[in-house]
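K.L.:
Show me the folded form of this:
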Amino acid sequence: MIRCYRRASLLALCLLLLAPACVLRADSESHARDPYALLFGTVYGPNDLPAYGVKITIRRADQKKPKWELTSDHQGEFAQRVPAGKADYVIAANVKTSKGVPKPEVTVHVEKDERKDFVLHVK
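P.N.:
This next block holds a predicted model:
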């Protein structure tokens, strides 16, 4: 009889420990199926070679604060998933510039679930 209680207690403990993992997995799987657009950019430096380690910010054109912050990889590339649907996104390279020279940025228009490729030139 004591063994049955131990087995039942062990089973209940296992279920309690595994339940949050099942909920998190189901939640992440549902988001994995959500439609999205992909913003894929390449940063080039003043020598027209890919620029590594450049900080990138992405925001919707109708907002002031950036929602995403990225860093370019060794090929100067970066990518960010954004919600599918009509929207304009402002992508800016966070680099030091001379006084009066604006930071390099580009505006990208997204219509639906699509991939948008673009280039940022840093001077």
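K.L.:
Just name the shakiest helix or strand of the protein by mean pLDDT.
P.N.:
Every helix and strand of the chain was ranked by mean pLDDT, DSSP states H and E. The lowest is helix 2-32, at a mean of 58.
K.L.:
for whichever helix or strand comes after that one, what is the average pLDDT?
P.N.:
Counting by DSSP states H and E, the next helix or strand C-terminal to helix 2-32 is strand 36-44. Taken as a whole, strand 36-44 carries a mean pLDDT of 97.
K.L.:
repeat for stretch 56-72
P.N.:
pLDDT averaged over stretch 56-72 gives 97.
K.L.:
can you give me the end-to-end distance of it?
P.N.:
In terms of CA to CA, to the nearest Å, the two terminal residues of stretch 56-72 are separated by 7 Å.
K.L.:
hmm, who's touching that stretch?
P.N.:
Under the contact criterion CB atoms under 8 Å, 6 or more residues apart in numbering, stretch 56-72 has outside partners 39, 41-43, 50-55, 78, 80, 82, 87-94, 107, 120. (C-beta placed from N, C-alpha, C; glycine too.)
K.L.:
how about that stretch: buried residues?
P.N.:
56-59, 66, 70, 72 (16 or more other CB atoms under 10 Å).
K.L.:
In TSV, list these along with secondary structure and distance to residue 35.
P.N.:
Formatted as TSV, the buried residues of stretch 56-72 follow (DSSP: H, G, I helix; E, B strand; the rest coil; distance: CB to CB, whole Å):
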residue	secondary structure	distance to residue 35
56	strand	23
57	strand	24
58	strand	18
59	strand	21
66	coil	22
70	strand	21
72	coil	26
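K.L.:
okay, among those residues, which ones form the most distant pair?
P.N.:
59 and 72 (17.3 Å; CB to CB).
K.L.:
tell me which residues in stretch 89-104 are buried?
P.N.:
So for stretch 89-104, counting by 16+ other CB under 10 Å, buried means 89-93, 95, 104.
K.L.:
Check what contacts that stretch and list those residues.
P.N.:
39, 41, 43, 54-61, 66, 82, 105-108, 110, 118, 120-123.
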